[in-house]
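> here's my sequence, what's the structure:
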Amino acid sequence: MPRSYARVQIWLHWIIAALVGLEYATSELVEEGGAFLAGLHVWPGVAILVLMPVRLVLRLVLGAPEPPESEHPFLRKVAVWTHWAFYVLLVIIPAGGLAAMYGGWKGGQLLHDAGEPVFFVLFWLHAGAALVHHFIFRTDVLTRMVPLLARR
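Numbers count the residues shown, from 1 in each chain. Just a heads-up that it's a prediction; the model follows:
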């Protein structure tokens, strides 16, 4: 297993995170009407759908660092499953939204809408765990994705 993420994995992580932030910020624009305003929400979702297969292939080919050895086995499993849940949701949520908007599939809207709150619970768990690892446990978990924070 690699000790850190590859640079391309780090870039994809933060690009997709920024796109998710843009999706959140523009989510109300879809309902306000107009193709341009809706596009401000739709196109970042399309970008996420294009980037996620690349990210998944890189994860499978390049691997990912193991959770810290000092971490409780249950929390190690939570970390692994949380990451895979993110990958699934980052495909299902935008795909569902697109299927609803352009394919007229109501089930797509259900997937999109049901996935969002699950995603944000995972997001806060993920961000909180990274901060706890960095500031309390003093592990390298956060610096794997934010190399500038690495202690020299």
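> out of the helices and strands in this protein, which is least certain?
The helix or strand of the chain with the lowest confidence, counting by mean pLDDT, DSSP states H and E, is helix 29-32 at a mean of 83.
> who are the packing partners of that one?
helix 35-62 (3 or more C-beta pairs under 8 Å, 6 or more residues apart in numbering; DSSP states H and E). In this view, the C-beta of every residue, glycine as well, is placed from N, C-alpha and C.
> quick check: mean pLDDT across the helix it packs on?
Helix 35-62 carries an average pLDDT of 95.
> where is the longest helix in this structure?
In the chain, taking DSSP state H as the definition, the longest helix is helix 73-103.
> which of the residues in the helix or strand following that helix are buried?
The first helix or strand that comes after helix 73-103 along the chain, using DSSP states H and E, is helix 106-132. Within helix 106-132, the residues that qualify as buried by neighbour count (16 or more other C-beta atoms under 10 Å) are Gly108, Leu111, His112, Gly115, Glu116, Phe119, Leu122, Phe123, Ala129, Ala130.
> and those residues, which is closest to Leu98?
Closest to Leu98 out of those is Gly108 (7.2 Å), distances taken as C-beta to C-beta.
> quick check: the closest one touching Ile92?
No - using C-beta atoms under 8 Å, Gly108 is not in contact with Ile92, being 9.4 Å away.
> picking up where we left off before, what sits up against the least confident helix or strand of the chain?
Leu37, Ala38, Leu40, His41, Val42, Met101 (C-beta atoms under 8 Å, 6 or more residues apart in numbering).
> of those residues, buried ones?
Ala38, Leu40, His41, Val42, Met101.
> what's the most distant pair in the residues you listed?
So, those by C-beta to C-beta: farthest apart are Leu40 and Met101, at 13.3 Å.
> just how off-centre is stretch 50-61 within its chain?
Centroid separation between stretch 50-61 and its chain, computed with C-alpha atoms, centre = their mean, to the nearest Å, is 12 Å.
> hang on, the earlier thing: same list (the buried residues of helix 106-132) but as JSON lines, adding distance to Leu22.
As requested, these are arranged in JSON lines below (distance: C-beta to C-beta, whole Å):
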{"residue": "Gly108", "distance to Leu22": "20"}
{"residue": "Leu111", "distance to Leu22": "20"}
{"residue": "His112", "distance to Leu22": "16"}
{"residue": "Gly115", "distance to Leu22": "17"}
{"residue": "Glu116", "distance to Leu22": "14"}
{"residue": "Phe119", "distance to Leu22": "14"}
{"residue": "Leu122", "distance to Leu22": "18"}
{"residue": "Phe123", "distance to Leu22": "14"}
{"residue": "Ala129", "distance to Leu22": "24"}
{"residue": "Ala130", "distance to Leu22": "21"}
